[in-house]
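# I'll drop the sequence and a predicted model, then ask my questions.
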There are 2 protein chains.
Amino acid sequence: MILYSYWRSSASYRVRMALNLKRLDHEIRPVHLVRDGGEQFKENYSALNPQQLVPTLVDGDAVITQSMAMLEYLEERHPEPALLPRDPAGRARVRAIGQAIACDIHPLNNLRVLKYLTDTAGLDEQARLAWYRHWTESGLAAVERLLDSPSTGRFCHGDEPGLADCCLLPQVYNAERFECDMAPFARIRRICEALKSVPAVRDAMPENQPDAA
Amino acid sequence: MILYSYWRSSASYRVRMALNLKRLDHEIRPVHLVRDGGEQFKENYSALNPQQLVPTLVDGDAVITQSMAMLEYLEERHPEPALLPRDPAGRARVRAIGQAIACDIHPLNNLRVLKYLTDTAGLDEQARLAWYRHWTESGLAAVERLLDSPSTGRFCHGDEPGLADCCLLPQVYNAERFECDMAPFARIRRICEALKSVPAVRDAMPENQPDAA
């Protein structure tokens, strides 16, 4: 498998975590989102990923876009170790936590949106930062409430890292870069510390990528 | 099953389509997002849905948030008629089209975001509309490219409506409300016309809901 990835992209980070947790051999091909006007806009890459976003996962003939579709694909093709529990309600809970991040926090704060806010909508740097923090902090507050459950264990759901954790740690990495106030999120902070102690997770971190600046 | 839904919410519309396509008995409980400061903020509803968003699906003891998690849950609990194809690459394609909408178009344009842009970021009505159209039109252009594939049939994937269609039609409904230019999207327009001819889909439409204004 080949993962087209950018070291700081939190959607790429999700898939790197899943690949490593499942111990799947893969090659990382860096796509630099900033250099040279953005390598994601080049013809070769656009042909693979018509949204011109990272990541893209290539597995033989299958070219897969959208990080959440990749996590489900990896789970179906390589079920063990599992990223989702077995019971339907538990699976729904894990997916809902993942999507509370992947749908309701991350898309509001990725590079292209922040760029639009300043370059097109004319917001200044302070208003842009306020926007970032508003959606991240209110979104993480909702995730913290979803984690207030007996189903939460050492990780988001039970004692093994799973799909929700693959979304949580990258989002928190991002939040810390923008100096969000993480103090209110005791459960999230505890889970992220536990995740950072897992070698497969550490190997997926931005700073451990071949393209890290 | 009980679906807490708002007639105009496109995330609710997705789940209504799935419930109807699978012919599952359910009760719709309207949550009015505007009236009275927003019923989603009331204590009773917040206890069910800590994100204070619609929809919420209740199935016995299971309380499920996030519309995309609901679609997967319904597919796992009630596999027929299927909303996902059987092959992993096909499933990934359908999920990726769904998430190109659910992650990369819809979250940028829902009510709370549009409200923030005017009330907090100080954009005027014209700049807000430009924002809406920018993300919807560029997002639908990417979906149109994803649909340029031999896997596309009468619907997004083959000749039966599925998970991607449950995301597409509600997003197009929304785009039309904001008078986006749909002319460039021939495949999307054709698929939406086909969807509108399906009785189960018609029953899920906003104007056919008990709380339609």
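Great, that's in hand.

# sec struct for A:Ile64, please.
strand (DSSP: H, G, I helix; E, B strand; the rest coil).

# Bridged to it, which residues?
A:Leu57 (DSSP bridges).

# A:Ser77 contacts B:Pro88, correct?
Let me fix one detail, which is that residue A:77 is Arg and not Ser. Yes: contact criterion Cβ atoms under 8 Å: A:Arg77 and B:Pro88 qualify, at 5.4 Å. Placement of C-beta: from N, CA and C, glycine included.

# Tell me which residues of the helix ranked longest in chain A come out buried.
Counting by DSSP state H, the longest helix found in chain A is helix A:125-146. Using 16 or more other Cβ atoms under 10 Å in any protein chain shown as the test for burial, helix A:125-146 gives A:127-128, A:131-137, A:139-140, A:142-146.

# residues in contact with the residue sitting furthest away from the middle of chain A?
Centroid-distance maximum for chain A: A:Gly122 at 28.0 Å, with Cα atoms, centre = their mean. By Cβ atoms under 8 Å, 6 or more residues apart in numbering or on different chains, A:Gly122 lies in contact with B:Ala127.

# and which of the buried residues of helix A:125-146 is nearest to A:Cys167?
A:Val143 (9.1 Å; Cβ to Cβ).

# gap between the closest one and B:Ile64?
16 Å (Cβ to Cβ, to the nearest Å).

# same thing with A:Phe178?
A:Phe178 is 30 Å from B:Ile64, by Cβ to Cβ.

# before we move on, what about A:Lys196?
The value you get for A:Lys196 to B:Ile64, if Cβ to Cβ is used, is 30 Å.

# Of these two, which one has the most company?
Neighbour count, other Cβ atoms under 10 Å in any protein chain shown: between A:Lys196 and B:Ile64, B:Ile64 has more, with 27 against 12.

# my guess is that one meets B:Leu74, correct?
No: contact criterion Cβ under 8 Å: B:Ile64 and B:Leu74 do not qualify, at 9.4 Å.

# Span of stretch A:21-40 from start to end?
27 Å (Cα to Cα, to the nearest Å).

# Flag every buried residue along it.
Buried-residue list, stretch A:21-40, by 16+ other Cβ under 10 Å: A:Leu21, A:Lys22, A:His26, A:Ile28, A:Arg29, A:Pro30, A:Val31, A:Leu33, A:Gly38, A:Glu39, A:Gln40.

# quick check, nearest of those to A:Phe185?
A:Leu21 (22.7 Å).

# Can you read off the pLDDT for that closest one?
Per-residue pLDDT puts A:Leu21 at 98.

# Skipping its backbone neighbours, what lies nearest A:Gly139 in space?
A:Ile105 (3.6 Å; Cβ to Cβ, 6 or more residues apart in numbering or on different chains).

# wait, I meant A:Pro161
A:Pro161 sits nearest to A:Phe155 (Cβ to Cβ, 6+ apart), 4.9 Å away.

# Stretch A:118-127: how far from the chain's middle?
Centroid displacement of stretch A:118-127 relative to its chain, using Cα atoms, centre = their mean, to the nearest Å, is 25 Å.

# How about stretch A:32-47?
20 Å.

# My read is that A:Leu147 contacts A:Ile188, right?
Yes: at 6.8 Å, A:Leu147 and A:Ile188 qualify as touching, with contact defined as Cβ under 8 Å.

# Spit out the residues that contact the two alike.
Counting by Cβ under 8 Å, 6+ apart, nothing touches both A:Leu147 and A:Ile188.

# Walk me through the domains of chain A.
Using automatic domain parsing, the domain parsing of chain A gives A:2-80+A:202-208, A:88-201.

# Go through the ones you listed and name the closest to B:Tyr4.
Between the domains of chain A, domain A:88-201 lies closest to B:Tyr4; by Cβ to Cβ that is 14.1 Å.

# Give me the distance from that closest one to the chain's centre.
8 Å.

# related to what we said a few turns ago, mind checking how far the residue nearest to A:Gly139 is from A:Asn174?
9 Å.

# Common neighbours of the two, please.
A:Thr136.

# so what's the residue nearest to A:Pro161 up against?
A:Phe155 neighbours (Cβ under 8 Å, 6+ apart): A:Pro161, A:Gly162, A:Ala164, A:Asp165, A:Ile191, A:Ala194, A:Leu195.

# Repeat that for A:Pro161.
A:Met17, A:Leu21, A:Leu83, A:Phe155, A:Leu195, A:Val198, A:Val201.

# can you pick the most crowded of these?
A:Met17 (28 neighbours).

# Hmm, A:Ala204 and it touching each other?
Yes: counting by Cβ under 8 Å, A:Ala204 is a contact partner of A:Met17 at 4.4 Å.

# Just the CA atoms of stretch A:169-189, as PDB, please.
Extracted in PDB, the C-alpha atoms of stretch A:169-189 (Å, rounded to 0.1, in the frame of the first residue of the first chain):
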ATOM      1  CA  LEU A 169      -4.800  12.500  18.800                       C
ATOM      2  CA  PRO A 170      -4.300  14.300  15.400                       C
ATOM      3  CA  GLN A 171      -6.900  16.800  16.300                       C
ATOM      4  CA  VAL A 172      -5.300  17.500  19.700                       C
ATOM      5  CA  TYR A 173      -1.900  17.900  18.000                       C
ATOM      6  CA  ASN A 174      -3.500  20.500  15.800                       C
ATOM      7  CA  ALA A 175      -5.200  22.200  18.700                       C
ATOM      8  CA  GLU A 176      -1.900  22.500  20.500                       C
ATOM      9  CA  ARG A 177      -0.200  24.100  17.500                       C
ATOM     10  CA  PHE A 178      -2.800  26.800  17.700                       C
ATOM     11  CA  GLU A 179      -2.500  27.100  21.500                       C
ATOM     12  CA  CYS A 180      -6.000  26.100  22.300                       C
ATOM     13  CA  ASP A 181      -6.900  25.900  26.000                       C
ATOM     14  CA  MET A 182      -6.800  22.200  26.700                       C
ATOM     15  CA  ALA A 183      -7.200  22.600  30.500                       C
ATOM     16  CA  PRO A 184     -11.000  21.700  30.600                       C
ATOM     17  CA  PHE A 185     -10.500  18.400  28.700                       C
ATOM     18  CA  ALA A 186      -9.200  16.100  31.400                       C
ATOM     19  CA  ARG A 187     -10.400  12.900  29.700                       C
ATOM     20  CA  ILE A 188      -9.000  13.900  26.300                       C
ATOM     21  CA  ARG A 189      -5.600  14.800  27.800                       C
END
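
# This completes my enquiry, with thanks.
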